[in-house]
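Chemist: I need the structure of the sequence given here:
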Amino acid sequence: MKRLVPLFGALALLAGPVLADPALTRPASTWPADKPAAEVREPVVILVSIDGFRADYLDRGITPHLSALAASGISAAMRPSFPSKTFPNHWAIATGKVPDRNGIIANGFEDPAHPGEKFTMSSDEPYWWDEAEPIWVTAEKSGIRTATMFWPGSNVAWGGTLVTEPHKTISGGTRPSDWQQFNGAVSPVQRVDAVIDWLRRPAAKRPKLVTLYFDQVDTAGHRYGPGDSQTDAAIADVDGDIGLLLAGLRELGQPANLIVVADHGMAAISSERTIALDAVADPSLYKLGDTGPFAGITPTEGNEQRLAAALLKPHEHMSCWRKQDIPARFHYGSNPRIAPYFCLAEIGWQIAAKPPEKASTGGTHGYDNAAPEMAALFIAAGPAFRPKGKLAPFDNVDIAPLLRDLLKLPPAADGDGNDAPFRGTLAKPGRDQAPLSGGR
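Modeler: Here you go, the predicted model:
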């Protein structure tokens, strides 16, 4: 009975003032209006890239949030475009065109139209990027607000003009309404927080398409190799970051169609599996571009025949071609930015200018895009998707047509992909879209 006394006393104290409150005894027509109903938010599209997340990482049992998303929607082992490098594939996903047609043919390259210059992963001059229009530019032109928390090329004033005198300036061009210049010091948590902050805005300033980029899995894969416990730790960490994103969306009451992708997979490498080009051809015969899983090679003046004789014969663990003879299945070799000769190593082997000076192991990518080690993560879930489970592998240039469907944008006239892999998976298909012209 001791506990009942204070409880009864509290009820009695509450009952007096409430019953006596004249504001509550007035006629109902004079009562204050009810609180406004919670905002009903339209779904947004969030495109997440987890750089270097190999498709089979999802099977390791350390990704509860990603696995739950896959179970609630669709997933697949996605084929990257060739070459299976970071910048070419992020641009392929964003534009729906393979690197041979989107212009970003490697992480580093030269262009005959711009002698003496080299594209690097920090190049933001529009002329490097303007061979293909990314989805955020298409959306902005259609009046759809976009925001990019890092994505290769999203910092570029697409379609702008570079003025080099007296100082480099960019005039014109289209960027996302909100974008962030890549900075590796910005933590994954800060990246997620920035996306959630964008979505807290009033509807008129809220983005309808958002990109988000994580790089820790790729970094660990390069440093330790795809099978190392440190790589597993990075996989588990990024799954936690996805969990933070999901929690933030729930707190906001913000429905979202999430598309989670990777640009490529990862293969184990060792310095013991190195092909030294100086043992294949005299270095005076060529100028060397990118090296690693592949190499772009340009003959020095007057030495093309000698270089061809050295390269275009059988080699252990490496195949070499004139650019126009690269196998058709790679969809690679017509862009003027590709070097005249191209060599590709077997999976797990690397091409280098000369033998390595010290032993090393780790991981890398850039190999045959059909190799299982290069297969990339794909998951899509949200109100637009039915829980159809695992799909057959498809090409990553099919992502841009899917984004167009979700954003209700018309099909691209000249893309390399189409939305065929996703027909039957959309809960409310916007249209029965035929394969896009130019699609493979």
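Chemist: find the nearest non-adjacent residue to the spatially most central residue of the chain, please.
Modeler: Centroid check for the chain by C-alpha atoms, centre = their mean gives Ser49 as the closest residue, at 3.6 Å. Among residues not flanking Ser49 along the chain, Tyr213 sits closest, at 4.8 Å (C-beta to C-beta, 6 or more residues apart in numbering). The way it works is simple: take the backbone N, C-alpha and C, and place the C-beta from them, glycine included.
Chemist: surely the one you found forms part of a strand?
Modeler: Yes - per DSSP: H, G, I helix; E, B strand; the rest coil, Tyr213 lies within a strand segment.
Chemist: I'd assumed Ala194 was in contact with it.
Modeler: No - the pair Tyr213 and Ala194 fails to qualify as a contact (C-beta atoms under 8 Å) at a distance of 11.4 Å.
Chemist: can you list residues touching both of these two?
Modeler: Met149 (C-beta atoms under 8 Å, 6 or more residues apart in numbering).
Chemist: more crowded one of the two?
Modeler: Remark: of Tyr213 and Ala194, Tyr213 carries more neighbours, 21 against 18, as counted by other C-beta atoms under 10 Å.
Chemist: for that one, what are its contacts?
Modeler: Contact partners of Tyr213, counting by C-beta under 8 Å, 6+ apart, are Val48, Ser49, Asp51, Met149, Phe150, Trp151, Phe182, Arg191.
Chemist: mean confidence score for the longest helix belonging to the chain?
Modeler: As assigned by DSSP state H, the longest helix anywhere in the chain is helix 229-252. Regarding helix 229-252, the rounded mean pLDDT is 98.
Chemist: packing partners of it?
Modeler: Based on contacts counted as 3 or more C-beta pairs under 8 Å, 6 or more residues apart in numbering; DSSP states H and E, the elements that helix 229-252 packs against are strand 44-50, helix 64-72, helix 188-199, strand 209-214, helix 216-224.
Chemist: and the closest residue to Arg206 other than its chain neighbours, how far from Leu209?
Modeler: Computed as C-beta to C-beta, 6+ apart, the closest residue to Arg206 that is not its neighbour in sequence is Leu199, at 6.1 Å. Separation of Leu199 from Leu209 (C-beta to C-beta, to the nearest Å): 12 Å.
Chemist: any shared contact partners between those two?
Modeler: Taking C-beta under 8 Å, 6+ apart as the contact rule, Leu199 and Leu209 both touch Val44.
Chemist: out of those two, which sits in the busier spot?
Modeler: Each of Leu199 and Leu209 has its neighbours counted (other C-beta under 10 Å); Leu209 has more, 24 against 19.
Chemist: report pLDDT for that one.
Modeler: Leu209 is assigned 98 on the pLDDT scale.
Chemist: ok so, going back, the residue nearest to the centre of the chain reaches Gln216, doesn't it?
Modeler: No - assessed by C-beta under 8 Å, Ser49 is found out of contact with Gln216, at 12.0 Å.
Chemist: and the end-to-end length of stretch 269-278?
Modeler: Start and end residues of stretch 269-278 are separated by 20 Å (C-alpha to C-alpha, to the nearest Å).
Chemist: check what contacts that stretch and list those residues.
Modeler: The contact list for stretch 269-278 (C-beta under 8 Å, 6+ apart) reads 225, 283, 286, 288, 291, 295, 297, 315-318, 343, 345, 348-356, 358-364.
Chemist: next, count neighbours for the closest residue to Ile399 other than its chain neighbours.
Modeler: Distances taken as C-beta to C-beta, 6+ apart place Ile93 nearest to Ile399, at 4.8 Å, with adjacent residues excluded. Residues near Ile93, counting by other C-beta under 10 Å, number 31.
Chemist: where does Ile93 land in three-state SS?
Modeler: Ile93 ends up helix, using three-state DSSP.
Chemist: which residues touch it?
Modeler: By C-beta under 8 Å, 6+ apart, the contact list for Ile93 reads Leu47, Ser49, Val261, Asp263, Asn396, Val397, Ile399, Ala400.
Chemist: where does the fifth one land on pLDDT?
Modeler: Note on Asn396: pLDDT of 98.
Chemist: what separation do you get for it and Ser154?
Modeler: For Asn396, the distance to Ser154 - C-beta to C-beta - is 17 Å.
Chemist: between the two ends of stretch 386-405, how far is it?
Modeler: 15 Å.
Chemist: now do it: distance to the chain's middle.
Modeler: Put simply, stretch 386-405 sits 14 Å off its chain's centre (C-alpha atoms, centre = their mean, to the nearest Å).
Chemist: what do you get for stretch 38-48?
Modeler: For stretch 38-48 - counting by C-alpha atoms, centre = their mean - the centre lies 20 Å from the chain centre.
Chemist: what does stretch 94-107 give?
Modeler: The answer for stretch 94-107 is 13 Å, by C-alpha atoms, centre = their mean.
Chemist: now stretch 355-367
Modeler: With C-alpha atoms, centre = their mean, you get 24 Å for stretch 355-367.
Chemist: cool, and stretch 126-140?
Modeler: With C-alpha atoms, centre = their mean, you get 15 Å for stretch 126-140.
Chemist: so what touches it?
Modeler: For stretch 126-140, contacts defined as C-beta under 8 Å, 6+ apart pick out 91, 94-97, 101-104, 111, 113-114, 119, 145-146, 148, 153-154, 156-162, 170, 173-177, 208-209, 211, 400, 403-404, 407, 409, 412.
Chemist: equivalent analysis for stretch 245-256, please.
Modeler: Outside stretch 245-256, the residues touching it (C-beta under 8 Å, 6+ apart) are 38-39, 41-46, 48, 65, 69, 192-193, 195-196, 199-200, 212, 382-383.
Chemist: quick one: buried residues of it?
Modeler: Residues Leu245, Leu246, Gly248, Leu249, Gln254, Ala256 are the ones in stretch 245-256 that count as buried (16 or more other C-beta atoms under 10 Å).
Chemist: got the residues you listed as JSON lines, with distance to Ala139 columns?
Modeler: Listed next are the buried residues of stretch 245-256 as JSON lines, based on distance: C-beta to C-beta, whole Å:
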{"residue": "Leu245", "distance to Ala139": "20"}
{"residue": "Leu246", "distance to Ala139": "23"}
{"residue": "Gly248", "distance to Ala139": "22"}
{"residue": "Leu249", "distance to Ala139": "20"}
{"residue": "Gln254", "distance to Ala139": "18"}
{"residue": "Ala256", "distance to Ala139": "16"}
